[in-house]
Structure formats: structure tokens, C-alpha cells
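Engineer: Below are the sequence and a predicted model for it; my questions follow.
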4 protein chains.
Amino acid sequence: TIDHIFKEIFKAGLDLQKDDHSKALLVSRKKKAEDTIVNVKGELIGNGIPHFVFGPCAVESYEQTATVAKAVKEKGLRLLRGGAYKPRTSPYDFQGLGLEGLKILKRVADEFDMAVISEIVNPADIETACQYIDVIQIGARNMQNFELLKAAGAVNKPVLLKRGIAATIEEFINAAEYIMAQGNGQIILCERGIRTYERATRNTLDISAVPILKKETHLPVLVDVTHSTGRRDLLLPAAKAALAIGADGVMAEVHPDPAVALSDAAQQMNLDQFDEFYNELKAFAYARV
Amino acid sequence: TIDHIFKEIFKAGLDLQKDDHSKALLVSRKKKAEDTIVNVKGELIGNGIPHFVFGPCAVESYEQTATVAKAVKEKGLRLLRGGAYKPRTSPYDFQGLGLEGLKILKRVADEFDMAVISEIVNPADIETACQYIDVIQIGARNMQNFELLKAAGAVNKPVLLKRGIAATIEEFINAAEYIMAQGNGQIILCERGIRTYERATRNTLDISAVPILKKETHLPVLVDVTHSTGRRDLLLPAAKAALAIGADGVMAEVHPDPAVALSDAAQQMNLDQFDEFYNELKAFAYARV
Amino acid sequence: TIDHIFKEIFKAGLDLQKDDHSKALLVSRKKKAEDTIVNVKGELIGNGIPHFVFGPCAVESYEQTATVAKAVKEKGLRLLRGGAYKPRTSPYDFQGLGLEGLKILKRVADEFDMAVISEIVNPADIETACQYIDVIQIGARNMQNFELLKAAGAVNKPVLLKRGIAATIEEFINAAEYIMAQGNGQIILCERGIRTYERATRNTLDISAVPILKKETHLPVLVDVTHSTGRRDLLLPAAKAALAIGADGVMAEVHPDPAVALSDAAQQMNLDQFDEFYNELKAFAYARV
Amino acid sequence: TIDHIFKEIFKAGLDLQKDDHSKALLVSRKKKAEDTIVNVKGELIGNGIPHFVFGPCAVESYEQTATVAKAVKEKGLRLLRGGAYKPRTSPYDFQGLGLEGLKILKRVADEFDMAVISEIVNPADIETACQYIDVIQIGARNMQNFELLKAAGAVNKPVLLKRGIAATIEEFINAAEYIMAQGNGQIILCERGIRTYERATRNTLDISAVPILKKETHLPVLVDVTHSTGRRDLLLPAAKAALAIGADGVMAEVHPDPAVALSDAAQQMNLDQFDEFYNELKAFAYARV
């Protein structure tokens, strides 16, 4: 019937429009079919082998950071995270050590031959940060801080972009495009849970976002199991699910003594928990390869 | 300080209250530590081995249902789903074949020696349904239709309870309790995605709900990858994630010719897609065991 | 350009499709331009004058119900609400007095010459309920309990349909259509808040739904300020907003002694609070007329 | 019983904790009981009389801005909004005229004796902006861009802070605290809708947030009816609801020719629509005073 034909034309039009739009983006797989591999001091994120990023929520001291770095390095891992600038809901909560924190990260990175990842929150700090860290993290609250994205796009340094607290996948992809449009294509996407009505977890891990991001873009995708679940008992199962669904790696927080941590005390692993977590996750990952 | 002591007492009180509440529930693991295994015509759901439920969204005819049953049986699987009573947003959409659909399911179950699962929507139909089907499904829209839950709890037949469209995990557990409080403990929980702001998927698969439900209750947990994602291209990755995170099985829709399906045309697999899906999923599942 | 023309055709098609769909619904204003006025024992809901429905969350006893009825009647109001069948998250919470509660409502209605509204939860109870109450309420949890909607559509009694906990406006309208498609067009819609991430209120009052429902359908629209806010301190401001935006009336819970109420203790008004609430709301409403 | 006593102590503790926390905030009404009145070039926002902010989504040219300014001024209004830096989802959408836009606003403000409000997105631009505009707007996407908040807190210029796209009320209040903690207490809060599953409106206007913010803080609260509803047909009813519930004013977008607007074409009012909107809203507001 004529109605049916009309509907088919209509659907074709819809697809065509979407196509055109996606085709235009630099981060889109339609623009570049092969996977982007982000080289972080020799670690090739996106190369088909799972990568792991561990470290404390916040850099609190050289000793604290070095203790975690040592434990991570002993596993044969080289990617360390740690917050120097901490965006906190209240202005009276610990705001991080700032530049001092970046310097601690740099010292630890040099001593242990590791690569360090840290969040930068002010466009004015991006250039300075490049001297101290190996990956610039853009946090969830700043995913649509476009001035920050542009500043990160203007330097030659890998960027780890976290999904916004209530960002759609489309907005997430467009945020990455802000970076790449400035010339920096070394972008790692990171799913970290979205805000929903459910309170059993801190956020709701949107695990389906992983295959969608892998399909729509050519960028590597990590899953931050700490912020998505906010529960120590869910870190391992969530990490397995992340790898099973095709994530390029997993990020989680480790602290020498979570009980006295200056932020996120409830959800960080201590060193024993980390040991158990990583051993089980590694066994799971290898069984699949 | 006194403040600190007060806070500790306070927290202890909070935990105590939660404890008391959870302890009271029959479905709680605190009430029964060991896993419940639901025996569906010999299929032991919850026994540590993944189980699979496939079948069309709606029973449309004997031929359609038998075609899918045959394909499923050829994989060595014995659990078949199919809707006879279809709750639809619009009263003018196909509402299912009703009792006729249940009879078709029964005939197919007998011919292929399979167990059939179908949604019942009216408390008055529960007893009749028991003559035709092996598992009573309570759908997402009816998760808090307490009259239906009580009716399902009053018969001796396994119940597959789907999580409500925007139900919290706590509400989901309490809905199961409505069934068990009536005497029927043969309950299978099914995560099927929750409603969020994100539209890239039909619903947002709340994968973290699986380990939480396994921890809080002693009931087996399935993941419906069709309704949670609503996208054929995500069925396989979502199913892998479900098994990796500890689900007792996976549910998905299969139709001989999805393009002419009377409901959910866009998300059902055809027989070739099903073949590929199941083979890959089986390989994944076995690699882990 | 050809692209632009194509897009215009495309948009026209989209509008056309939506039009067709809306046109088909019996509850749509496209089907019937003038407002439906629901006659509840002489109270004309939808006639342009604000109507008010007050009463306890649950009918607990004749005395409790009569006490509230008296206070409401003294204001010159004739619409009384009270729950006899209470859908509760936990099976161990107070479930209502059932048929006994309906009988209490009937007795109170007769004695005070009032009309009573009560929720029915089982399709099998609809016919019996018609002997005792003047308006059948379908609660939020049952908005897509289609068997219940059909049963309510098959009797000659006004129906108050509450929006589902996470229902879209489109789903809400279609739920009303289930009732009207059975022949019963005496439907009152009730916005009662939706589930979101925000926890400062019990639900999020979607105030914009009121003008949308008034525009899309010809049915009267009430706002339940008790369940949408869940906070006694917000009842009056929310009620003013409801009337200002065009609602046909307001619904709120009143209890002689909320502290000992068997349900919703925290959000019901006591008689003094009700007195103050109604007087202020009336002054607001009259200032506008 | 002992259980009951324990629970009462427990609840008291809970309230106490909340109290302590709220008491600490500078923006809290517990810290300062009387309303803050923000003086914007003589317009006293928060003085109990409704205030109105109108203007185009984006400043596109002097002519466009002056045309709207003239129409607004003719109503006896003196507050004009207009975006110079436009945060847009895609980097390829119109990003605003930047500094040039601020200069146009300044010229228009001088010529018409009006006060201008414009969004600033980079902490580095705050000081410069102070030379051109009368109110610094912090947009929804930047509500937790703490560097920007701190920069706005360090200058002597009123700040209009919009609620984040999925921010809780508590986070919103804490964001204001970031500004006030730097010394700038001239803060106007603006509810602009939150992100939910509902798509009938662009966002869901959380009207209950208005009385909560008025109760919890001493700051004036506006409602942006354009971004919360995203629908021209809902602007007037939403504005009435905002005033009825106690907002200190309303904000809406007006454009000489919305069809050719470089952003938000679908939701801006043209001058005739603005005329009708404002006349009706004024009549509503005056009927209440």
C-alpha cells in the first residue's frame, strides 16, 4: 500500500539524516574504520589487550602515592591514577593538593617508571599539567566544560574523558569531538555510571554504553568500576562484565588505608583487596583470551 | 571525641535497622544462605550452569512457535518463552492470542519436550494457566500488581518475576517476597533494564543489579537482553556481560521472521542470527567454566 | 537545495504520523474539542472551577473516616478520598481494610452526603466496588495494569486514573484510552509526581504535564500534591502552582492524627493544618477567578 | 518499648546531623534568616515583587539585540539576557560572538538604560566580563565547574547560577556556597528543569525546587521557563506556576525572528508572542498582589 511505501521512504530519510551527522564527526568510526590506539608511555590502550588503571582517589602524600604505585607495579602494571585537583560537592571538603599533587605524581612516575593520570579542572592549568602527567583526565562534572575540552585538545597529550553524570552517549561523543576538533586525537573514553533513581549503587553502570561507543567511535573505552558502583563488593563483578562486553580496560581506586582517606573512603580497595581483585580479574581475562 | 562515638552508635543503629528488615524477608539470603534452585521440568535454574530462555515475543501461530521451538531444541535447550497475553501501551496494538496462545505453547511443549514460559496478566487467569505452561511470568508493568503476585504465590508453579520499569532493587525484592509469602518459593528474578534519560538503548541494563540480587536473595537471576537493550546488535555483548557478572542465565527473543512480527519487530533475532548468537555465547560461557 | 526540500517533506511526514495517531484516540482533543466534565454525584469536575479531594491515605476505622469527612464537609466540600485496598511495597505493611473499608466509606458518604473515591486493585473487585464508591481510583502502580483498566472501562462509574510512577505522558494518555475504549469516558487524570534522581521530594511533581494533558486530551486533570511532594511543607505552594497552571483541582491527604496513621504518617495533614491549607488555597483560587 | 526509644534517638541524631551541616553554609537561611535582595542596577531581585528577564538565546548582532531590548523596555522592564559564549553540544554549532557579543550587550544596555545578563564559561574571562555586563550567568553545564564558581565568587558582581542538568537541590545549594565562600553573596538561583526520562518537554521543570530553595537558602530564585519546558506553548502556564509557587521572577527567551535564530529556534518567542505572554503574565501577577 501507499502508506507502507511512505513509511519506508520516511525511515530511509531518518537513517540518512543520522548517517550524515555521524559521518561528519572526527571521532566517528565512519570517518576512520580502524581502532585508535592511544600510546601512554608505551602502554597501548585499545590494542585488544585489557589495560588497567589503579591508584588512590586523591594524592594525599608522596608516601601514600608511592605505596600504591609499588603495589601496582608489582603486578606488572604501569598506569597509575591519582587526583591532585579534586572537584567536590562542598567547598569545605578536601580539594586536593593541586600542583603539589602533580609533582608527587611526577616523582612517583619517574621512580617506578609508570605513567600517571590526573584530573585537570581549569583550562589555564592544562599546559603546566603536561609537564607532570602522562594523561589529562577530564572528569564527569566537566564533560561539557567546553573551554577545558578545547584546552585539552590543543596540547599533545593523551586525554581520558569521563562521561558526564547524566550525559547521553551522543553528548559524550560530541564532547570527545570538541577535543579532537582541536587536533588532539589521543582520546580514551571512560564510562563511569550515570545518575538514575536507583540508590543501591552510587551511580548506575551503563554497561551497554561500552559496545555502543566502540561501534560509533574508533576510540578506546575504559570502565571506571569504582565510581559507577560506589561499592567495594561490586568492583570485581563489574570489572568482569566490563571486559566481557568489550571494554579496553578497567579503572579502580586503591588506597593504602581507605578508612583514613580524605575522599571516597567507602569505596577504595586496600592493598590486600586490590591483590585479590587483580588476581581474580586477571584469571578471568586470561581465560577469555 | 563524643561526636565520633555518637556517629558510630548512629551508624550501628542504621545497619541494625537494615539488618532487621532484611532478615525478616523469606527471599533474603539471611533467611536461607544456600542458593535456591528452581526446577523447571528438569532444568535446574540456579545450579551454577548458565541457562537460556529463547522464543518469540508473542505467540502468533502454531507454525511460528514450533519453528522457533525446533531451532531452540536443536541447540540442546529446553526452555521456550512466548507471550499469549501481551500488555501493550496502546489498546489498539496486538494484544496476544490469549488462551489460544497458551494452548499452542502447551502443544509445542509436548511435541518438543520443552518447558514453556508465558506472561499472565490477570489474577483470575493464574489457575487456568497452570494447566498449560511451566513457568508463570510476571511482566515489568505488573511487578507491583500485588494481586497478581499473590495469585502467583498461591499456586505450585515456578514464577519468573521481571523487574519493574522503574523499580528499585529493594522494591523488586519485596515484590518477590509477595510471592514467597504466599507459599511459593520457586521464583526466578529477571533484570530487564530500567527507565532512564538515555535513549541509545530502549532501557538501561542495570547490570550491577545482578550481583546485588544474588547477594541479597537466594533466588536465581536471569538477564533479559532483548528488553534491556532493545537493539539486536547489543544482544551478544550484553549476554556475555550478564554471564560474566554472575547471572544464572540469559533470556532473548527469537522469531522466524522478525520483519512481520506482530510486536517488537526491531529487536527480535531471526533464526540465523540466533544460531550465530548462541554459538558465540556458548563458546564464551564454556571458556569460563 | 534538494536537501532542504527533502527535510521539509520529512518533517511534514513526521507531523502527519503523529497527527494520525493522536486523532485515533478517543481521549484526544482532536476527537472531541470541548472539555469533558465528569459528574461525581453533582460535583462537576472539569467545569472550570477548582475541585478539591481530601481524605485519609487509608480508611482505618469509621470514626477516623467520619472525623475527616466532617472537617471536609464543613468547608463546603463533598469529595472524600480514602484507601481500602492499599498497594504497599512490603507484604508485611498494612494492606488496608478491604471490603470493610469500602463499607465504611459508603456509610460516611451517606451520612454526610459526600462522594467517595477509593482505589481498586483487582479487576474482580470492580463490580462490587461500584455498589460502595462513587469514583474508582486506579493507582500509580497499576496505571499499566491493563486488565484493571479494561474492567474499570466496562462499568458506568467515574474513574480517577493516576499517572504511573515512571510513565511518560504518552503512556498515561494511552492508559486512559484503555478505559475509554471499553465505553467509559468518565475519566479524571491525576498527575502525582514521577520518579527521578532527586530525593528532596518523594517524587518530582511534573507540573508541565498538566497543560500538556489539558491540550492533548479533553479530560479533567487533578494534581495530587501529597504523593508528588511527600512533604507537608510543600502542599500549599504545590497546590497553588497546580491551580495556576490550569489543573481542574487538587487532591491531598488529611488524617485526624497523622502520627499514628497506618500509612504515610509523615505527609498527611492533621485537621488544623488542613484548615489553614484550605483557607489559604481558597483565598488564592478566588483571587484569580 | 526500648526499640521505640532507640528509634527516636536515632531520628534525633539524623536531624541533628542535617542541622549541623546546613547551619555551616553561608547561603543557608539558618545562617541568615532574612531574604537576600540582589541589586542589579537598581532592580531589587528578591524584594517580594516579581522580576522578569527576557532576551534572545544568543546575541547575534547589535540590531537583533537592540530590537528585543526596545520591546522589553517598552514593557517597563530593565533586565535583558543574551548569550555571548554559547556552550553547545556539538563543536560545529554556533558558539556565540564571544567578546564581541559582550560589547553589543554593553552598548545596548547603555542606550536603553538596562541591565544585561550573560553567561561566562571560562574562569579567565570573568574579570573582563565585569566591564561589560551586570550579571554573570553560570550555565547549567557549568554548575559544578568549581573553578568558574570560584572566579565568579572573587568579583563584585551579581551572579545568576543555573541548576545543573541533573543536579540535586543539595548540590545546587553547595554550588552557590562555592561562590559565596569566596566573598560574593549577590547570588540569584535559577531553576531551569532537570533531565528525566520524559520527552514531552525538553527538561522536567522541578517546580517544587522553588519553595525548597526559598526555605533552605536566603537567596532569590528565578524560573527559566524556556529551557525547562522547551515549548513555546508552555511558557505562559509554566510562568504562572512559577510565580504562584513563590519564585522571585521568571526568565524567558525572546527573539525578533525565531525561525532564523542561530540557536534554540523552536522555543523562543517572537515579539508578538512576547507581547501576549507578558501582558497575560502581568495580569496574573497583579491579580495576586
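Structural biologist: Cool, the structure landed. As the structure is a computational prediction, the values presented were derived from the model and not from experiment.
Engineer: How many residues are close by whichever residue of chain A sits closest to chain D?
Structural biologist: Using CB to the nearest CB, A:A166 is the residue of chain A that sits closest to chain D, at 3.2 Å. To be clear about C-beta, it is placed using only N, CA and C from the backbone, and glycine gets the same treatment. Residues lying near A:A166 (other CB atoms under 10 Å in any protein chain shown) number 23.
Engineer: correct me, but it touches D:Q144?
Structural biologist: No. Under the contact definition of CB atoms under 8 Å, A:A166 does not touch D:Q144, with a separation of 11.5 Å.
Engineer: Note down every partner strand of the helix or strand where A:L161 lies and its orientation.
Structural biologist: Here A:L161, judged by DSSP states H and E, is contained in strand A:159-162. Strand A:159-162 has the following strand partners under DSSP bridges: strand A:135-138 (parallel), strand A:187-191 (parallel).
Engineer: For chain A, just list every one of the helices.
Structural biologist: Ranges of helices in chain A, per DSSP state H, are A:2-24, A:62-74, A:99-112, A:126-129, A:146-153, A:169-180, A:209-216, A:225-229, A:235-244, A:271-288.
Engineer: one step back: tell me the mean pLDDT over the strand holding A:L161?
Structural biologist: The pLDDT scores in strand A:159-162 average 98.
Engineer: same question, stretch A:144-152
Structural biologist: Averaged over stretch A:144-152, pLDDT sits at 98.
Engineer: anything in that stretch near chain B?
Structural biologist: No. On the criterion CB under 8 Å from any CB of the partner chain, stretch A:144-152 is out of touch with chain B, staying 14.6 Å away.
Engineer: sorry, back to before: who touches the strand holding A:L161?
Structural biologist: Here strand A:159-162 makes contact (CB atoms under 8 Å, 6 or more residues apart in numbering or on different chains) with A:117, A:135-140, A:143, A:149, A:152-153, A:172, A:175-176, A:179, A:184, A:186-190, A:192, A:222, A:224.
Engineer: at 7 Å instead, please
Structural biologist: For strand A:159-162, contacts defined as CB atoms under 7 Å, 6 or more residues apart in numbering or on different chains pick out A:117, A:135-140, A:143, A:152, A:175-176, A:179, A:184, A:186-190, A:192, A:224.
Engineer: what does stretch A:276-283 give?
Structural biologist: A:75, A:235-236, A:239-240, A:269.
Engineer: any residue of stretch A:53-62 up close to chain D?
Structural biologist: No. Stretch A:53-62 is not in contact with chain D by CB under 7 Å from any CB of the partner chain; minimum separation 14.8 Å.
Engineer: Now do that stretch: distance to the chain's middle.
Structural biologist: Chain-centre distance of stretch A:53-62: 15 Å, with CA atoms, centre = their mean, to the nearest Å.
Engineer: for it, what is the average pLDDT?
Structural biologist: Stretch A:53-62 shows a mean pLDDT of 97.
Engineer: hey, C-alpha coordinates of that stretch in PDB?
Structural biologist: The C-alpha coordinates for stretch A:53-62 follow below in PDB (Å, rounded to 0.1, in the frame of the first residue of the first chain):
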ATOM      1  CA  VAL A  53      44.400   1.900  35.700                       C
ATOM      2  CA  PHE A  54      44.700   1.800  39.500                       C
ATOM      3  CA  GLY A  55      45.600   4.400  42.200                       C
ATOM      4  CA  PRO A  56      44.200   6.400  45.000                       C
ATOM      5  CA  CYS A  57      41.200   8.700  44.700                       C
ATOM      6  CA  ALA A  58      43.300  11.600  45.800                       C
ATOM      7  CA  VAL A  59      47.100  12.100  46.100                       C
ATOM      8  CA  GLU A  60      47.500  12.800  49.800                       C
ATOM      9  CA  SER A  61      51.300  12.500  50.200                       C
ATOM     10  CA  TYR A  62      54.300  11.100  48.500                       C
END
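Engineer: Enumerate the positions of that stretch that are buried.
Structural biologist: A:53-60 (16 or more other CB atoms under 10 Å in any protein chain shown).
Engineer: and if you look at stretch A:252-267?
Structural biologist: Along stretch A:252-267, these residues count as buried under the neighbour rule (16+ other CB under 10 Å): A:252-256, A:258, A:261-264, A:267.
Engineer: Would you mind splitting chain A into its domains for me?
Structural biologist: Here the domain parsing of chain A from automatic domain parsing is A:1-31, A:34-288.
Engineer: Please identify the most buried of those domains.
Structural biologist: Of all those, domain A:34-288 carries the top mean neighbour count, a mean of 21, counting by mean count of other CB atoms under 10 Å in any protein chain shown.
Engineer: Now do that one: distance to the chain's middle.
Structural biologist: 4 Å.
Engineer: Look up the closest residue to A:I169, ignoring the ones flanking it.
Structural biologist: Of all residues not flanking A:I169 in the chain, B:A200 sits nearest, at 4.5 Å (CB to CB, 6 or more residues apart in numbering or on different chains).
Engineer: Quick check: that neighbour touching A:V210?
Structural biologist: No. Judged on CB atoms under 7 Å, B:A200 makes no contact with A:V210 at a distance of 11.6 Å.
Engineer: if I look at A:I126, how far off is chain B?
Structural biologist: Using CB to the nearest CB, to the nearest Å, one gets 30 Å for the distance from A:I126 to chain B.
Engineer: Same list (the strands paired with strand A:159-162) but as a markdown table, adding mean pLDDT.
Structural biologist: Below are the strands paired with strand A:159-162 laid out as a markdown table (pLDDT from 0 to 100):
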| stretch | mean pLDDT |
| --- | --- |
| strand A:135-138 | 98 |
| strand A:187-191 | 98 |
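Engineer: nearest to D:S228, of those strands?
Structural biologist: Nearest of the strands paired with strand A:159-162 to D:S228, taken as CB to CB: strand A:135-138 at 27.4 Å.
Engineer: contacts for the closest one?
Structural biologist: A:40, A:115, A:117-120, A:126, A:129, A:148-149, A:152, A:157-162.
Engineer: make it 6 Å
Structural biologist: A:40, A:117, A:119-120, A:152, A:157-161 (CB atoms under 6 Å, 6 or more residues apart in numbering or on different chains).
Engineer: Next: stretch A:51-60.
Structural biologist: Residues outside stretch A:51-60 that contact it (CB under 6 Å, 6+ apart): A:45, A:65, A:68, A:72, A:77, A:79-84, A:86, A:96-97, A:101, A:104, A:249-255, A:262-264, A:268.
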